[in-house]
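Colleague: Take this sequence and fold it.
(one chain, ligands or ions: 2)
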Amino acid sequence: MGEAPAFFVNHLENGYTNGFGVKSEPKNRDTSVQIGDRSFVIGGNHEGNPLFLGVQIHDKITNKWSSPSVLGTGPKPCKGYSAIVLKNGRILVIKKGSASDDSIWFLEVDTSFVREQKKLLGREVVAWSKGVRGNAEKPIVISGPSGVGKGTLISMLMKEFPSMFGFSVSHTTRAPRFMEKCGVHYHFTDKTVMEKEIKDGKFLEFASVHGNLYGTSIESVEVVTDSGKRCILDIDVQGARSVKASSLDAIFIFVCPPSMNELEDRLRARGTETEEQIQKRLRNADAEIKAGESSGIFEHILYNDNLEECYKNLKNLLGIDDHAPVNGVEAVEGINLPKEHTVTKMEEKILIQETGEGTKNNMIVLDLSSINGGAPGRTRGIVLDTVKSS
Ligand SMILES: Nc1ncnc2c1ncn2[C@@H]1O[C@H](COP(=O)(O)OP(=O)(O)OP(=O)(O)O)[C@@H](O)[C@H]1O
Ligand SMILES: Nc1nc2c(ncn2[C@@H]2O[C@H](COP(=O)(O)O)[C@@H](O)[C@H]2O)c(=O)[nH]1
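Modeller: Ligands and ions are numbered 1, 2, ... in the order given. Okay, the predicted model is just below:
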């Protein structure tokens, strides 16, 4: 039945049994697959961190091992894994005995994201992406100069439609303002910590803004999307440019002030910055407005003169009708796998057969024909079906 599982290795709890003749001493529970002349060994822990799975590569031609930069937040180690080579430079990793929100992962070894990162970092790169069922609504990126009213508009939207929109909580190295809470308004962090996380591929974008480091972690966007809400990002133009270049398919909105004088008045009236900081933000505003209007990043430009009118325009462009009830999309459902199972690949379907004494021998079918997205975010669009044994 089905195609030969050419590069399929079932959970290798007893060691390295792939038969590719690679000389190494992988630990128990390592799993290996071969793509071309390279074997990818998945197992152990990443850079000594017991919380994440490590990856090693063996090149058959040079007979050399290498440790690639592993980007993204990968799966936690568990009892065993199945690894299957998919087309388009991905390896599907199915975890055994894991929680339903942690069972399906994709290790990207030769996707466009990975190729780009290789060029940027000048070294071997692989990237993790968690697999989830269902699809998501496009995130919304909102940019504009400091003080134009982005935060005010976003708060209005989230207050009116709490089940539809969620905010991507950014990281920043700037000090919290009075009343700002860590984890709600920002993740306030330290420059060294944030730079290390950027290096580890945890950020979708980052930029130095008004003298501080700001960034959107992949997780900040994905937790909102997983909850079934449409994610809103409040980021500067540099960040919007990076998101535009990433695999995240988003809507881009730029908010303009009615005049520079009005912008200055709003910044002063807010009373959150020192005079020096206000001057810095106003100097940056000029360049930001020019970039916002002419960079080709933004599909929509909103003028925030009268707040109520601007809010109405924002709702219009998001297709929110004042009279229609608005519901979010379904929250992501987990993928519950039987504790004991075997895995087989059949074209774009993965058959997971329940095994073990006293079980019902049901089969779970994962249809991967419509997967989309991927590193640095989630791989979405997995369709799941359960075939009951008669
Ligand atoms: N249309 C408007 N008319 C008058 N005041 C406004 C308008 N929109 C927002 N404001 C006020 O302007 C100030 C700045 O707004 P807000 O904090 O939302 O700006 P922001 O774009 O999020 O700034 P930052 O980028 O610095 O976070 C706030 O005090 C807000 O109440
Ligand atoms: N590129 C990014 N820019 C961000 C992010 N979070 C916020 N911002 C932008 O920074 C300025 C200043 O914000 P403030 O809270 O200090 O007033 C503002 O224009 C935001 O849009 C981010 O994650 N990435």
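Colleague: Around ligand 1, pick out the residues from this protein.
Modeller: Residues of the chain lying close to ligand 1 by C-beta under 6 Å from any ligand atom are 144, 146-152, 266, 269-270, 304, 307, 310. C-beta coordinates here come from the backbone N, C-alpha and C atoms, glycine included.
Colleague: Take the residues you listed and, keeping just the buried ones, write it as a ChimeraX select command.
Modeller: Here is the ChimeraX selection string for the buried members of the residues of the chain next to ligand 1, based on 16 or more other C-beta atoms under 10 Å:
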select :144,146,147,148,149,150,152,266,304,310
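Colleague: and the longest strand along the chain, average pLDDT?
Modeller: Ranked by residue count and defined by DSSP state E, the top strand of the chain is strand 49-59. What strand 49-59 shows for mean pLDDT is 83.
Colleague: Next SSE downstream of it?
Modeller: Where DSSP states H and E defines the elements, the next helix or strand beyond strand 49-59 is strand 64-66.
Colleague: Which elements pack onto the very next helix or strand once past that next one?
Modeller: The helix or strand immediately downstream of strand 64-66 is strand 69-71, counting by DSSP H and E. If contacts are counted by 3 or more C-beta pairs under 8 Å, 6 or more residues apart in numbering; DSSP states H and E, strand 69-71 sits against strand 49-59, helix 112-121, strand 125-133.
Colleague: wait, which of these is closest to ligand 2?
Modeller: Proximity to ligand 2 (C-beta to the nearest ligand atom) singles out helix 112-121 among the helices and strands packed on strand 69-71, at 17.6 Å.
Colleague: residues making contact with whichever strand or helix holds Arg283?
Modeller: Assigned by DSSP H and E, Arg283 falls within helix 275-294. Residues from elsewhere that reach helix 275-294 (C-beta atoms under 8 Å, 6 or more residues apart in numbering): 143-147, 209-211, 236-237, 254, 256-257, 260, 263-264, 267-268, 273, 297-298, 301.
Colleague: Go again with 6 Å.
Modeller: If you take C-beta atoms under 6 Å, 6 or more residues apart in numbering as the criterion, helix 275-294 is touched by 145-146, 210, 237, 254, 263-264, 267.
Colleague: Can you add mean neighbour count and distance to Phe203 and give the helices and strands packed on strand 69-71 back as JSON lines?
Modeller: Listed next are the helices and strands packed on strand 69-71 as JSON lines, based on neighbours: other C-beta atoms under 10 Å; distance: least, C-beta to C-beta, whole Å:
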{"stretch": "strand 49-59", "mean neighbour count": "18", "distance to Phe203": "17"}
{"stretch": "helix 112-121", "mean neighbour count": "15", "distance to Phe203": "12"}
{"stretch": "strand 125-133", "mean neighbour count": "23", "distance to Phe203": "13"}
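Colleague: wait, doesn't Phe298 sit right on Val255?
Modeller: No: using C-beta atoms under 6 Å, Phe298 makes no contact with Val255, being 9.6 Å away.
Colleague: which residues are in contact with the longest strand of the chain?
Modeller: The contact list for strand 49-59 (C-beta under 6 Å, 6+ apart) reads 22, 38-42, 44-46, 65-68, 70, 74-77, 126.
Colleague: Name the strands paired with it and say parallel or antiparallel.
Modeller: Sheet pairing for strand 49-59, assigned by DSSP bridges, gives strand 38-46 (antiparallel), strand 64-66 (antiparallel).
Colleague: Let me have the ones you listed in JSON lines, extended by distance to Ala291, mean pLDDT and mean neighbour count.
Modeller: Converted to JSON lines, those look like this (distance: least, C-beta to C-beta, whole Å; pLDDT from 0 to 100; neighbours: other C-beta atoms under 10 Å):
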{"stretch": "strand 38-46", "distance to Ala291": "38", "mean pLDDT": "83", "mean neighbour count": "20"}
{"stretch": "strand 64-66", "distance to Ala291": "40", "mean pLDDT": "93", "mean neighbour count": "12"}
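Colleague: who wins for proximity to Val243 among those strands?
Modeller: Ranking those by proximity to Val243 (C-beta to C-beta) places strand 38-46 first, at 26.3 Å.
Colleague: tell me which parts of the protein are close to ligand 2?
Modeller: Applying C-beta under 6 Å from any ligand atom, we find that the chain lies next to ligand 2 at 146, 170, 174, 205, 207, 209-210, 214-216, 234-236, 238-239.
Colleague: Show the buried residues in the residues you listed.
Modeller: The buried subset of these - by 16+ other C-beta under 10 Å - is 146, 170, 174, 205, 207, 209, 214-216, 234-236, 238-239.
Colleague: Between the residues you listed, which sits nearest Val109?
Modeller: Closest to Val109, out of all of these and judged by C-beta to C-beta, is Glu205, at 23.3 Å.
Colleague: so which strand or helix has the closest one?
Modeller: Element membership of Glu205 [criterion: DSSP H and E] is strand 203-209.
Colleague: Past that strand, which element shows up next along the chain?
Modeller: Counting by DSSP H and E, what follows strand 203-209 is strand 212-217.
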